[in-house]
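Visitor: Curious how this folds, go ahead:
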Amino acid sequence: MAVNNPYTWGTGRRKTSTARVRIKPGTGKLVINGREFEDFFRTADTRRHALQPLVVTETRNTYDVWVNVEGGGITGQAGSVSLGIARALRRENENFDKVLRDNGLLTRDSREVERKKYGRHKARRSTQFSKR
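Guide: Numbering: from 1, shown residues only. Okay, here's the model as predicted:
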C-alpha cells in the first residue's frame, strides 16, 4: 500500500547532535523545534552554516523546512541541520548532488570529543610533574 507523503526526509549528525529534517515545496518557511529560524539560531555564523545547502542550490524560497534537532551545542546543531537539509535536497532532486558535493555539504564531519582517561586531567593532559 503506497502512502502519498508530500515530505522528503533527511538526517544530519554533527558531534553529539542529531537533526531530523523534512522538506516539501513551499514558500521558504523554516521551523526548528517549533520555533522560528531566527529565534533558534541567534548568531549570523550559525544561520549561514545551517542555510548553506539552500543557498548553494538556490532554493531558499522554494522549500518549507521543518527540523527536530537535539543534543550537543548550537554549533553542532547548525552543522547537523545543514547536513540534514543537504541530504533531503539530494533525495528530492538528484541534480543537486554535484553542487552539494562540490561545496562539501554531503560529507559528515566525523570529529567527536575524545573520552577522558582515568589518571589524567582530560583526555590527554597529564598530571603536573614535580621534581621534588
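
Visitor: Please tell me how far residue 102 sits from residue 18.
Guide: In this view, residue 102 and residue 18 are 25 Å apart by Cβ to Cβ, to the nearest Å. Every residue, glycine included, has its C-beta placed from N, CA and C.

Visitor: more crowded one of these two?
Guide: Using other Cβ atoms under 10 Å as the criterion, residue 102 and residue 18 rank with residue 18 on top: 18 against 10.

Visitor: what's the pLDDT at the most centrally placed residue in the chain?
Guide: Residue closest to the average C-alpha location in the chain (Cα atoms, centre = their mean): residue 80, at 1.8 Å. On pLDDT, residue 80 comes in at 97.

Visitor: May I see the buried residues of whatever helix or strand it lives in?
Guide: Here residue 80 sits within helix 74-92, counting by DSSP states H and E. Using 16 or more other Cβ atoms under 10 Å as the test for burial, helix 74-92 gives 74, 76-90, 92.

Visitor: Give me the contacts around stretch 111-118.
Guide: Contacts to stretch 111-118, defined as Cβ atoms under 8 Å, 6 or more residues apart in numbering, come from residues 15-16, 122-124.

Visitor: Now do stretch 16-25: distance to the chain's middle.
Guide: 8 Å (Cα atoms, centre = their mean, to the nearest Å).
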